[in-house]
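**Student:** Sequence and predicted model, in that order:
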Amino acid sequence: MEFAAYLKSFLGLLAIVDPLIAVPLFLALTPSATPRDRKRIARIAAVSVFFILAGGMLFGGPVLQFFGISLPSFKVAGAILLLMSAMSAFNAETGRTRQTPEEQAEATHKHAVAVVPLATPLLAGPGSISMVIVFGQSHAGIAAFGKAAHLGIMALVILVVALLTWLALRAAERVSTVLGVTGMNILTRVGGLITAALAIEILASGLTGLFPGWKN
């Protein structure tokens, strides 16, 4: 049962990070980069995604406590962000919740694009950070394995997502050629559907936490 919960967490996080949505931007931001430079940019972006999401998972709870924000309230806010990202995915767009035009224009150095805007906010954006904070603080695995072991398993989940992101960016040219615009848009929309369904579950959990009477 716990394995299914972690598998669901992995698929949900992979859907919201959605490495394929970064492929066109990765190619657009590195038009004159050598194959060696692109490999380095892909590696830096994937490492940045891991540390951003792992940091959010580990320190998100204490930050919520510091500001006096309840987990149910954060679940509702995070679910809204996930729904916004899902709607952008339905339209095969990056969406302003992931990246603003100002953030895209800020990245001028050929390696700087690996962190901004690729790693954040495009891949590890508000939606994915909210998701790992929620999973880090409220998950079926906590009762079964304990908090420390649960966080370790979730860190492994994040690591696998980061590795898949690295592979997708390394193979960006081949992925773009094989799938084409239509193929990537279809996969992005499927990811958006999964993200939307997960957002509804988190929203329902947050609302019943805020209003316990709604469970009846």
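**Tutor:** Looks like it arrived, so ask away.

**Student:** Okay, Phe59 and Ala89: tell me how far apart.
**Tutor:** Distance, Phe59 to Ala89, using Cβ to Cβ, to the nearest Å: 27 Å. Where you see a C-beta, it was placed from the backbone N, CA and C, and this is true even at glycine.

**Student:** Stretch 6-25: end-to-end distance?
**Tutor:** 30 Å (Cα to Cα, to the nearest Å).

**Student:** mind listing what's buried in the longest helix belonging to the chain?
**Tutor:** Looking across the chain with DSSP state H, the single longest helix is helix 172-210. Judged by neighbour count (16 or more other Cβ atoms under 10 Å), helix 172-210 contains these buried residues: 172, 175-176, 184-185, 187-188, 191-192, 194-196, 198-199, 202-203, 205-206, 209.

**Student:** just checking, what packs against that helix?
**Tutor:** helix 2-17, helix 19-29, helix 71-90, helix 126-137 (3 or more Cβ pairs under 8 Å, 6 or more residues apart in numbering; DSSP states H and E).

**Student:** Mean neighbour count, the ones you listed: which tops it?
**Tutor:** Neighbour counts (mean count of other Cβ atoms under 10 Å) averaged over each of the helices and strands packed on helix 172-210 peak at helix 126-137, with a mean of 24.

**Student:** What does the nearest residue to Ile133 once chain neighbours are set aside show for phi and psi?
**Tutor:** Residue nearest to Ile133 in three dimensions, not counting chain neighbours: Gly60, with 3.3 Å by Cβ to Cβ, 6 or more residues apart in numbering. Gly60 adopts backbone torsions of phi -60, psi -40, taken as degrees, to the nearest 10.

**Student:** separation between Gly60 and Pro212?
**Tutor:** Remark: distance between Gly60 and Pro212 (Cβ to Cβ) = 24 Å.

**Student:** Could you check which of these two has the larger neighbour count?
**Tutor:** Neighbour count, other Cβ atoms under 10 Å: between Gly60 and Pro212, Gly60 has more, with 21 against 9.

**Student:** who's in contact with the more buried one?
**Tutor:** Neighbouring residues of Gly60 by Cβ atoms under 8 Å, 6 or more residues apart in numbering: Ile129, Val132, Ile133, Gly136, Gln137.

**Student:** CSV for these, including distance to Met84 and pLDDT?
**Tutor:** Putting those into CSV (distance: Cβ to Cβ, whole Å; pLDDT from 0 to 100) gives the following:
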residue, distance to Met84, pLDDT
Ile129, 14, 93
Val132, 17, 94
Ile133, 17, 93
Gly136, 21, 89
Gln137, 21, 88
